[in-house]
Every structure is written in structure tokens, then in C-alpha cells.
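Model the structure of this input:
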Amino acid sequence: MPKRPVSRQARPAAANDTDIPWTSMFSSLGRIEVVLLVGGVLLLLMLIYTIQSILSPFLVLGAILFLLFPLRQYILARNLMWLAAILFGLWFLHEVSPILAPFVVSLVFAYILAPLVDVFERWRVPRWLTSLVLLFLFVAGIVLAVFFILPVAVAQLEGVLDAVSSVISDWRSTLWNSNIVRLLQRYGIPANDLRSILSNQLTPRLEDILKTLFSASASLLSSISGVLTQIFYLILVPFLTFYMLTDFPKISHRFKMLFPRPVRDKVALGMEQADELIGHYLRGALTVAILQGFTVSVIFSIFGIKYALLLGLLAAVLDLVPYFGLIITMLISMLVASFSDPPVVPKIIFALGSVGALHLFEVAFLSPRIVGSKVGLHPLLIILALLVFMQFLGFVGLLVAVPATALLIQITKEWEKGRRRGASENDGTYAQS
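Predicted structure coming up:
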């Protein structure tokens, strides 16, 4: 008995599954089926409204996939599933970001220190041994910072704030003990009203501005001290860094294997270029910043400028911020040097001159040899990137603006090269035909 041929309208052809429009589904439904479908949707919305207190993104994503997966041959259904998955992933990363913080910090440390482990591995030193030594040095550095450096820096910060208050009080008393009051009264200016304005409005605001300036400059120190005092981070981060350093090649390999085989080589090439660009910049910039901070602390201590350790720490951190970091460092050094013992003017001049000379030495000698010229961004683009990243990420944005912008520029250049290559291949095909 011959079989009945299958109607082409019963189901879309498999070869055209990716090209089926959304409207074809409704055209194949009858009126009763459409009524039942609309009624079911309304009842489902009522049910969702009644149980909204227990809804979560997990349930919503599961419901979306449950409803749309049977319709995955339609383009719109697939796009909705991908959009739901992407939005859920962003929400999930936002929710678990506090938990992932020690992993991200450990990954950054492992990324910075991995080349050093690779060098010793080429000398036939096991990765676990080099990682263990680096872990010991890392913990020793944390202990040294917590028990010796941070308390001194905090004490110096308190001294700077007290000096600011003292200077403002002396200036106010000196102003009103002079002949200015009689001069104002001579020209009919109410000195009492002016004194009230200066005492109650201008002076407190000036003091608040100066205190805010120093507090904002030292906010990173306070945040670091807060993180370092957390026992969980102190214990977890070094061990995570150790395991990531030990298995860093395996982690990189597993990350590349997540991508499909046709694009895996491109991903590997992109990772190599990103490491050459960002890795060299981060390691070099950190090395230069540490040298700058150490040099500032030593020079200021020798010349008798107060709060040298605090100024060195601020100089090291702000050295990671192009242009703005130099300006802020010079302003803070000038203000803090004015609180030193007499003579003050030579110390202010020396502070400004030494910071400027160190910056010139960094630009002319240190950065070309340590950081290299891999970034190659225009100064206008760097300033724009700093302002944009600071707007969205604050101080952390200032630190990551330059490498992130350089990476985006590199990705854009590779994309343009791919387009030009594809266009040239198409032109060659047309010419042959």
C-alpha cells in the first residue's frame, strides 16, 4: 500500500529552518487555536501576577526557554532566547560580583606575574615552586604594608588635615587682627557683616574643600586598607593566586576551547595580541609607578619635607593616571611641603621641581624601556578616555582607561583588517568570474 506524501505545509522544511519568518506560525493556526492561545497567554499573565512575590530571574528565564525552545526554528524566537540569556547573564554577574571579587583580584595578580613564572619554567624550575615563592613574597608584602606602611600613612594623613585646620585658623586670626578692619570701616564697608560671611561661610567651605581634596586623594589608601583588613580576602586571595599561577597555561587553554573550532585560532591570536598590548603596559606601568613612589619618598625624606611616605604612596598611585596624575601630585606636594619646617619656600620649589624632573625622567628614560610604546594613543584620545571612564567607574576608571582604550582600538583595527581582506577577496572572485 503506497504511503501518503507528507504535505509541505505540515511543517517547515529543515533546510529552511533558519529562514522561517515569525508570521508563518500564525498563518498555520486556525481561529479556535488562536483564541485558545490568547486565552492561555492571559491566564498565564494572571498567574504570574498572583505569584510575583516568589518570581526570580531564574524562573523567568526558565519560562522563556520552555515556551520558545519548541519554536527555535523561527528567527524571532531564537533572538528572544539569546536576548533573555544575555540579560540574565548580566544580572547574574552583577549579583555575584562581591563573591567574584577575590577571584578577579587573584586573576589580575596571576596575569601580571605569569611571565615571571614562565621564565623560571624555561630554566626548568617547576611552576609550583616559583608560584610558592611569589606567594610568600606576596603575603610578606601584605603583612609589611598592614603593620608598617599603612599606619604611618594614616598618621601622616591625619597630620596633614590638622595642619590644614591650623593654617586656616591662623589666617583668619591674622586677617582680623590687622588694619583691614579699620580700612573697611573707613570706606563704609560693614566689617562685622564681612567677618560673619568669612567666618561662617567662606572659611568653613575652604576648609571643607581642602579636606575633601586630601581625603579624595587618600581614598584609595583607605579602600585598600579596608580590603586588606578583611580576613577572608587575606586568606583567599594568595591561595587563589597560587593555584592560578600554577595552572595559568591550562586556564588559558580551557578558555580558548570554549570557542568553536573555526574561530579558535583567531581567539588565540587575539589573546596573544592583548597580552602583548595590555600585559606589557600593566606590568611596565606598575613597575614605573613603584619606582616613582619610592623615589619621591626617599628624596622628600632627605630634603626634610614632611609626610614623605604619604606623598610617595600618592605619587605611585597617581602615576598610573596620565596627565591628571602629574598635576594632582604637584599640587598636593606643593600644599604638603608648605606645612614643613622653615624655610618653607625652598621646600615648595624643590617639591615641584623634583616631581617635574622625575616625570621628565620617566617619559624620556623609564617608560620607553620598561613600558614600551605599544599603546600609541593620541594625547587627546587619552584625555577623552580618562574623562569617560572616570564618569562611569570613578577612580578605578582612571586606572583602566588607557589599557582598555588601547584594547578597543586594537580590536577595531583587526575588524577593519578583516573587512578589507574580505572585500579584496570578493573583488578577486568577481574579477576571475
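
From Asp275, how far off is Phe259?
17 Å (CB to CB, to the nearest Å). All C-beta atoms are positioned from the backbone trio N, CA, C, and that covers glycine.

same deal with Gly62?
Using CB to CB, we find Gly62 at a distance of 38 Å from Asp275.

Same check on Val143?
Going from Val143 to Asp275 by CB to CB gives 31 Å.

and what of Ser354?
For Ser354 relative to Asp275 (CB to CB), the value is 35 Å.

More neighbours: the two, which one.
Each of Ser354 and Asp275 has its neighbours counted (other CB atoms under 10 Å); Ser354 has more, 19 against 14.

Give me the distance from whichever strand or helix holds the more buried one to the chain's centre.
Ser354 is part of helix 344-361, with elements assigned from DSSP states H and E. Relative to its chain's centre, helix 344-361 lies at 31 Å (CA atoms, centre = their mean, to the nearest Å).

my guess is Thr287 contacts Ile370, does it?
Yes: look at Thr287 against Ile370 with CB atoms under 8 Å: they come within range, at 5.4 Å.

quick one: what helix or strand has Phe109 in it?
Following DSSP H and E, one finds Phe109 within helix 75-122.

Compute the mean per-residue pLDDT across that helix, please.
The pLDDT scores in helix 75-122 average 85.

Helix or strand next in line after that helix, which one?
Per DSSP H and E, the first helix or strand lying C-terminal to helix 75-122 is helix 127-144.

tell me what that following helix is packed against?
Packing partners of helix 127-144 (3 or more CB pairs under 8 Å, 6 or more residues apart in numbering; DSSP states H and E): helix 75-122, helix 231-246.

Need the contact partners of that helix.
Under the contact criterion CB atoms under 8 Å, 6 or more residues apart in numbering, helix 127-144 has outside partners 109, 113, 116-117, 120-121, 228, 234, 238-239, 241-242, 245-246, 248.

same deal with stretch 363-372?
280-281, 284-285, 287-288, 291.

list the buried ones in stretch 99-119?
Using 16 or more other CB atoms under 10 Å as the test for burial, stretch 99-119 gives 102, 105-107, 109-111, 113-114, 117.

oh, I was asking about stretch 70-88
So stretch 70-88, judged by 16+ other CB under 10 Å, has buried residues 73-74, 77-78, 80-81, 84, 88.

Serialize these to a markdown table and add fields for distance to Leu398.
Below are those laid out as a markdown table (distance: CB to CB, whole Å):
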| residue | distance to Leu398 |
| --- | --- |
| Gln73 | 49 |
| Tyr74 | 46 |
| Ala77 | 43 |
| Arg78 | 40 |
| Leu80 | 39 |
| Met81 | 38 |
| Ala84 | 35 |
| Phe88 | 31 |
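
what about the chain, any weak spots by pLDDT?
Where the chain drops to pLDDT under 70, the residues are 1-30, 33-34, 37, 167-234, 371-376, 425-433.

Now do the domain split for it, please.
Using automatic domain parsing, the domain parsing of the chain gives 14-102, 126-247.

is it fair to say Ile299 lies in a strand?
No: looking at Ile299 with DSSP: H, G, I helix; E, B strand; the rest coil, it is helix, so not inside a strand.

Next, the contact list for the residue nearest to it when sequence neighbours are not counted, please.
The shortest distance from Ile299 to any non-neighbouring residue, by CB to CB, 6 or more residues apart in numbering, is to Ser354 (5.5 Å). Counting by CB under 8 Å, 6+ apart, Ser354 makes contact with 296, 299-300, 303.

quick one on the thing from earlier: which of the buried residues of stretch 70-88 sits closest to Tyr307?
Using CB to CB, Phe88 comes nearest to Tyr307 of the buried residues of stretch 70-88, at 49.6 Å.

Do I have it right that that closest one meets Leu59?
No: applying CB under 8 Å, one finds Phe88 not in contact with Leu59, separated by 11.0 Å.

Give the buried residues for stretch 330-345.
For stretch 330-345, by 16+ other CB under 10 Å, it's 330, 332-333, 335-340.

My error: substitute stretch 389-400 in the last question.
389-390, 397-400.

Alpha carbons of it, as PDB, please.
Extracted in PDB, the C-alpha atoms of stretch 389-400 (Å, rounded to 0.1, in the frame of the first residue of the first chain):
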ATOM      1  CA  PHE A 389      35.900  56.100  32.200                       C
ATOM      2  CA  MET A 390      36.000  58.400  35.300                       C
ATOM      3  CA  GLN A 391      32.400  59.300  34.700                       C
ATOM      4  CA  PHE A 392      31.200  55.700  34.800                       C
ATOM      5  CA  LEU A 393      33.800  53.900  37.000                       C
ATOM      6  CA  GLY A 394      35.200  56.700  39.200                       C
ATOM      7  CA  PHE A 395      38.900  56.400  40.300                       C
ATOM      8  CA  VAL A 396      39.100  52.800  39.000                       C
ATOM      9  CA  GLY A 397      38.100  54.100  35.600                       C
ATOM     10  CA  LEU A 398      41.100  56.400  35.600                       C
ATOM     11  CA  LEU A 399      43.400  53.400  36.200                       C
ATOM     12  CA  VAL A 400      41.900  51.200  33.500                       C
END
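
I appreciate the help and will end here.
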